[in-house]
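Student: let me see the structure of the following:
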Amino acid sequence: MSRSALIVPLSALLLVACGGGNAQDANTGGPRAVQCPPGQVFDGRYCVTQGAPPPTATTTAPPPTATTTAPPAPPPGPSGPQATPFDATAAAAATQLLAPLAAQRAPAGARPVGSVVAGQFQQGQELDQQIQMQPGRCYTVVGVGLPAVQNLDIELVPMVAIPGLSSPVIARDQTQSPNAVLGAKPNCFKWAAPFPAPVKVVVKVSSGQGVAAAQVFEK
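Tutor: Reported below is the predicted structural model:
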């Protein structure tokens, strides 16, 4: 008998020996059963307590933030106790003196702008009026006080803040008398800004009391 004939039967015996055995010991490739502690069951991923609801993700909303609105800024400039305003008729004794004073102290050709500011003043009280100043125009303000008014003051205050201006007052009279003149000729107050802007004319009795009136002139 040749050697090759002996090899075939021997190989067949080895295959029978390797393929034999109990079917219960065969590896089927399926997942192994998971053993959970008593009272828990396997839900496919984890061991969970039997009958408990599934866990849910919880998020905590951030507390609401309080929002506040800042109050509008008041217009710059003085705002002292207010005098009792008069119309031109009630203050006729003072307003009749404005035209002669303007003829003396305002530039030639200046014309009135706005209405007369007039009233009954106690010491420290003031009245104001808003005017629109125009680029390149020149302004003079004249004011008169009747007897018992010892010093009348006039100031110009912009209605909006001007960056870089240390004081809210942009011009004031330099007189110390019952009569006041701001921007007397030949140096009237010139609005140098390239745009029009509202300006408040403040008339104040800083000493004494009584009826006073003022008028703005523009050239």
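
Student: strands of this structure, start to end?
Tutor: For the chain, the strands defined by DSSP state E cover 40-42, 47-49, 84-86, 111-121, 126-133, 138-145, 149-158, 171-172, 180-182, 189-190, 197-208, 210-218.

Student: for Arg105, find the nearest of those.
Tutor: The stretch from the strands of the chain with the least distance to Arg105 (C-beta to C-beta) is strand 180-182; that distance is 4.7 Å. C-beta coordinates here come from the backbone N, C-alpha and C atoms, glycine included.

Student: before we move on, the earlier item: columns distance to Ala93, mean neighbour count and mean pLDDT on top of the strands of the chain, output as a markdown table?
Tutor: Output for the strands of the chain, formatted as a markdown table (distance: least, C-beta to C-beta, whole Å; neighbours: other C-beta atoms under 10 Å; pLDDT from 0 to 100):
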| stretch | distance to Ala93 | mean neighbour count | mean pLDDT |
| --- | --- | --- | --- |
| strand 40-42 | 105 | 12 | 74 |
| strand 47-49 | 100 | 14 | 73 |
| strand 84-86 | 10 | 15 | 95 |
| strand 111-121 | 10 | 19 | 95 |
| strand 126-133 | 17 | 18 | 96 |
| strand 138-145 | 9 | 26 | 97 |
| strand 149-158 | 12 | 21 | 96 |
| strand 171-172 | 25 | 16 | 94 |
| strand 180-182 | 17 | 25 | 97 |
| strand 189-190 | 27 | 16 | 94 |
| strand 197-208 | 16 | 20 | 96 |
| strand 210-218 | 7 | 25 | 97 |
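
Student: make TSV out of the ones you listed and add distance to Pro100.
Tutor: Putting the strands of the chain into TSV (distance: least, C-beta to C-beta, whole Å) gives the following:
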stretch	distance to Pro100
strand 40-42	109
strand 47-49	104
strand 84-86	20
strand 111-121	14
strand 126-133	21
strand 138-145	9
strand 149-158	16
strand 171-172	23
strand 180-182	12
strand 189-190	21
strand 197-208	18
strand 210-218	12
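
Student: quickly list what Gly210 is bridged to.
Tutor: Following DSSP bridges, Gly210 is listed with bridge partners Phe121.

Student: buried stuff in stretch 96-116?
Tutor: Within stretch 96-116, the residues scored as buried using 16 or more other C-beta atoms under 10 Å are 97-98, 101-102, 105-107, 110, 113, 116.

Student: just the ones of the residues you listed in helices?
Tutor: Counted as lying in helices by DSSP state H, out of the buried residues of stretch 96-116, are 98, 101-102, 105.

Student: export the residues you listed to a markdown table and tack on pLDDT and distance to Gly183?
Tutor: Listed next are these as a markdown table, based on pLDDT from 0 to 100; distance: C-beta to C-beta, whole Å:
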| residue | pLDDT | distance to Gly183 |
| --- | --- | --- |
| Leu98 | 95 | 15 |
| Leu101 | 95 | 13 |
| Ala102 | 94 | 11 |
| Arg105 | 94 | 9 |
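
Student: and which of those is nearest to Gln130?
Tutor: Gln130 lies nearest to Leu98 out of these, by C-beta to C-beta, at 18.9 Å.
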